[in-house]
Each structure stands twice: as structure tokens, then as C-alpha cells.
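Peer 1: Sharing a model prediction with you, sequence too.
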Amino acid sequence: MGDWKTAILLNQLLLKENPNDIDTLNRLAYAFASTGNTKKAKDIYNKVLNLDVQNPVALRCLKKLNVIGKHHMNGHIMQQMNNIFIEEPGKTKVIELVNIADPKVISQLRCGEILIISLKRMKIFVLDLQKRYIGMLPDDISKRLIRFLNGGNTYAAYVKTTDNSKVMIFLRETRRVPKFKNQPSFTVSERTKLTIPKNAHLSFDESEDKGE
């Protein structure tokens, strides 16, 4: 959370010199949204649209805020960074997706963004909250999780890091049914790292759904 508060302060200082700088306004809005202050974020994005009615960043992010608002009563776009990536043996895993979407879609993802996992045709697909395809879980992990999903377990997925050719997600077991009481979702030997990269790719901003 501290990094986002710093980002807010820095961009506010920049706006004192140029109050109508669109790039700075968009960055400030994103920082507010990332701390959960979606009302302030929306106000700033609307200011951007008053300056540039077709601004693609503001349009996309406002749409995203509205979509997420329907999924989460508290209006948070991102879970707090210091809570998302807490590692729990057997319950969490960092996974690199396979068959990922086009770079244009991947470039819109942001560290900490909530994702949807969707089970179809014995494969596990990963989508964003606009139901756009992001990628798939590797077959070995899918095979294991499909049994748990069909049995009633639930999972939450978040963007961890991205570049144009790679998407890493953080997958967390959120509910374990009694029949799987002693069966971890992920083997303890498959250890995940508790790291939040300094330059994590930051944009708000793609089936039958099971999980999350």
C-alpha cells in the first residue's frame, strides 16, 4: 500500500505544475483505484474525459471499475498488495500461463488484478473480469486442480507479473471441502516465492466459470 500512497503524492505534486496533464491524471486515478478509493479514481478519469472525450486509458479503466464494482461490494479493484501474495504451503502457487493472449491484451493487465478461472473441456482457462481470454494453466496443474474444482474446492487468481510473452499468476485455494481435508491443492515441494517485483507491469484492465 505504501508504494501506491507514494505514487499518489508524486502525481499530485506533478499536477500542481500542470493540472490538466492527462498522463499524470491517469496515473493518479490508477493509484487511487489500487488503494481501493474507486470513487476518487472515477472522478479523475471523468476529468480526463472532459479534457479528452476519447481518451482510451480513461475509457478502459472506467469500464473496468464498473465491471469490478458489480463483482465486489466494497468496490476494490485490487486486493491490498501486502495480502495478495502471502504464501501458504499447499494452498498457493505462482504459475506461468501457457498459450497466452495477444500482447495487446496482456499489456492491459496489472499486478494484483483479479482474474477468473474457468473450466472447459478438461482445460482450465484464465480470463479477466471482462471475460477476455488471458491464457491457460499448464496441463499438469490443470489435471490436479480439475479434480478439486469438480469436488467443490474454490480458488482465487491474481496477476503477479507480465510482459508481452509471459504471464505469471498467483493462485490461492479459498475453500477446501471436507473430503479433501488432507489433500493440498499444490504439493509443498512446488514452492512459490513471496516477491513483488519493483517493476511489476502496471493497466486496468479478459465458458462456464468455476473458481475464484
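Peer 2: Happy to help now that I have it.
Peer 1: For the rest of this, base every contact and every neighbour count on C-alpha atoms.
Peer 2: OK.
Peer 1: Run through the bridge partners of the residue nearest to the spatial centre of the chain.
Peer 2: Nearest residue to the geometric centre of the chain (Cα atoms, centre = their mean): Glu113, 1.4 Å. Taking DSSP bridges as the rule, Glu113 bridges to Met78.
Peer 1: Model confidence score at it, please.
Peer 2: You'll see Glu113 listed with a pLDDT of 84.
Peer 1: Touching, it and Thr161? I think so.
Peer 2: No. Taking contacts as Cα atoms under 8 Å, Glu113 lies outside contact range of Thr161: 10.1 Å.
Peer 1: Next one, pLDDT for His71 please.
Peer 2: Value for His71, per-residue pLDDT: 49.
Peer 1: Correction: the previous question concerned Asn37.
Peer 2: 83.
Peer 1: tell me which residues of the helix or strand Thr161 falls within are tucked away?
Peer 2: Assigned by DSSP states H and E, Thr161 falls within strand 154-163. By 16 or more other Cα atoms under 10 Å, the buried positions in strand 154-163 come out as Thr154, Tyr155, Ala156, Ala157, Tyr158, Val159, Lys160, Thr161, Thr162.
Peer 1: can I get the CA coordinates of that strand in PDB?
Peer 2: This file holds the C-alpha atoms of strand 154-163, laid out as PDB (Å, rounded to 0.1, in the frame of the first residue of the first chain):
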ATOM      1  CA  THR A 154     -12.700 -22.900  -5.000                       C
ATOM      2  CA  TYR A 155      -9.800 -20.700  -6.000                       C
ATOM      3  CA  ALA A 156      -8.800 -17.100  -6.400                       C
ATOM      4  CA  ALA A 157      -6.400 -15.900  -9.100                       C
ATOM      5  CA  TYR A 158      -4.500 -12.700  -9.400                       C
ATOM      6  CA  VAL A 159      -2.000 -11.200 -11.900                       C
ATOM      7  CA  LYS A 160       1.500 -11.300 -10.500                       C
ATOM      8  CA  THR A 161       3.800 -10.200 -13.300                       C
ATOM      9  CA  THR A 162       3.600  -9.800 -17.000                       C
ATOM     10  CA  ASP A 163       5.500  -9.000 -20.100                       C
END
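Peer 1: Paired strands for that strand, with orientation please.
Peer 2: strand 114-120 (antiparallel), strand 166-175 (antiparallel).
Peer 1: I am finished for the moment; much appreciated.
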